[in-house]
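K.L.:
Requesting a structural model of the entry that follows:
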Amino acid sequence: MGMNHLFIQGISFDWNKISENSYLRNIAAINGLEHISFNSNITFFVGENGSGKSTLLEAIAVAYGFNPEGGTRNYNFSTYDSHSELWGAIRLSKGFYKAKSGYFLRAESFYNVATKEEEYADLLHPSERYHEKSHGESFLAIAQNYLKPDGIYIFDEPEAALSPQRQLTLLLDIYRCAKSGAQFIIATHSPILLGIPEAEIYSFDDGKVHPCRYEETESYQVTEMFINNREVLLRKLLQDITG
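P.N.:
Take a look at the predicted model:
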């Protein structure tokens with residue numbers, strides 16, 4: 001599926017809509033950013049904590065019409081107003097086709113969304129009872145239940161509750177769904193998910209948003225270094241503690 005079929009083809013920023021004293025201006029990678037284009041059905045945002053990737057991901061989701069805490073576009077509630085003003089300052093370049101389904105999944109407010117799902121349930125739409133599953137099981141279940149061809153999916157650190165094995169399961173589901181026309185924009189630290197073939201990766205490190213290869217991501221480099229040099233690395237790291 002080519003670029004013309006993506007539901008969100010890019011985003012542009014209007015910095016006049018962001019107040020002069022906004023904390024957003026202190027996030028190096030985001031400050032002054034003018035445009036990002038999406039060229040693949042799967043786009044990853046990577047970067048150190050605080051680099052702005054989740055802030056931008058959330059803004060894209062809210063600008064698209066998702067509830068700030070997550071869920072489908074039919075979810076409309078707010079436990080607390082934590083989302084930034086960024087969503088009002090970005091313009092989404094939308095494709096010709098409209099997504100038939102979608103979901104905004106975020107690790108930190110998943111509990112609230114699972115609670116809301118029970119409240120929204122009725123006889124025709126029984127609850128999946130996510131609270132009765134383990135966090136990892138319910139996280140994977142919610143991802144799998146909503147993944148459909150021709151949908152738009154915005155995931156914030158979906159690996160947070162998943163074992164490596166379950167991350168591989170999710171990788172397979174995402175790849176299969178993307179091949180059927182779905183679009184994914186995902187913020188992640190997972191070296192497993194980042195390995196999905198043909199995905200586009202944007203790094204928020206080094207003070208600017210820039211494309212990077214899988215092998216250039218810190219998630220990959222640190223994991224590879226640890227696995228290949230574990231004893232030497234730990235000896236160096238722990239020598240101050242062990243004396």
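
K.L.:
give the contact list for the residue nearest to residue 195 when sequence neighbours are not counted.
P.N.:
Nearest residue to residue 195 in three dimensions, chain neighbours excluded: residue 214, at 6.1 Å (C-beta to C-beta, 6 or more residues apart in numbering). Every C-beta, even on glycine, is put in place using the N, C-alpha and C of the backbone. For residue 214, the residues meeting the contact criterion (C-beta atoms under 8 Å, 6 or more residues apart in numbering) are 194-195, 201, 220.

K.L.:
For PyMOL, what selects the buried ones among those?
P.N.:
For the buried members of the contacts of residue 214, the matching PyMOL selection, counting by 16 or more other C-beta atoms under 10 Å, is:
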select buried, resi 194+201+220
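
K.L.:
mind checking pLDDT for the nearest residue to residue 159 once chain neighbours are set aside?
P.N.:
The shortest distance from residue 159 to any non-neighbouring residue, by C-beta to C-beta, 6+ apart, is to residue 190 (3.9 Å). Residue-level confidence at residue 190 comes out at 96, pLDDT.

K.L.:
can I assume residue 190 is in contact with residue 155?
P.N.:
No: with contacts counted by C-beta atoms under 8 Å, residue 190 stays clear of residue 155, the gap being 10.6 Å.

K.L.:
wait, what's in contact with residue 182?
P.N.:
Taking C-beta under 8 Å, 6+ apart as the definition, contacts of residue 182 comprise 41, 147-153.

K.L.:
could you dump those residues to a markdown table with pLDDT?
P.N.:
Shown next, in a markdown table, are these (pLDDT from 0 to 100):
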| residue | pLDDT |
| --- | --- |
| 41 | 96 |
| 147 | 87 |
| 148 | 87 |
| 149 | 88 |
| 150 | 89 |
| 151 | 91 |
| 152 | 94 |
| 153 | 93 |
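
K.L.:
following the helix or strand of the chain with the lowest mean pLDDT, which helix or strand shows up next?
P.N.:
Per-element confidence for the chain was summarised using mean pLDDT, DSSP states H and E. The lowest value among helices and strands belongs to helix 110-120, with a mean of 52. Scanning the chain past helix 110-120 towards its C-terminal end, the next helix or strand to appear is helix 135-146 (assignment: DSSP states H and E).

K.L.:
The next helix or strand after that following helix pairs with which strands?
P.N.:
Using DSSP H and E, the helix or strand that directly follows helix 135-146 along the chain is strand 151-156. According to DSSP bridges, the neighbouring strands of strand 151-156, each with its direction, are strand 101-106 (parallel), strand 183-187 (parallel).

K.L.:
ranking the ones you listed by burial, who's on top?
P.N.:
Most buried of the strands paired with strand 151-156, by mean neighbour count (mean count of other C-beta atoms under 10 Å): strand 183-187, with a mean of 25.

K.L.:
The helix or strand following it: which residues count as buried?
P.N.:
Next in sequence after strand 183-187, counting helices and strands by DSSP H and E, comes strand 200-203. Judged by neighbour count (16+ other C-beta under 10 Å), strand 200-203 contains these buried residues: 201-203.

K.L.:
just stretch 233-243 next, same as before
P.N.:
By 16+ other C-beta under 10 Å, stretch 233-243 has no buried positions at all.
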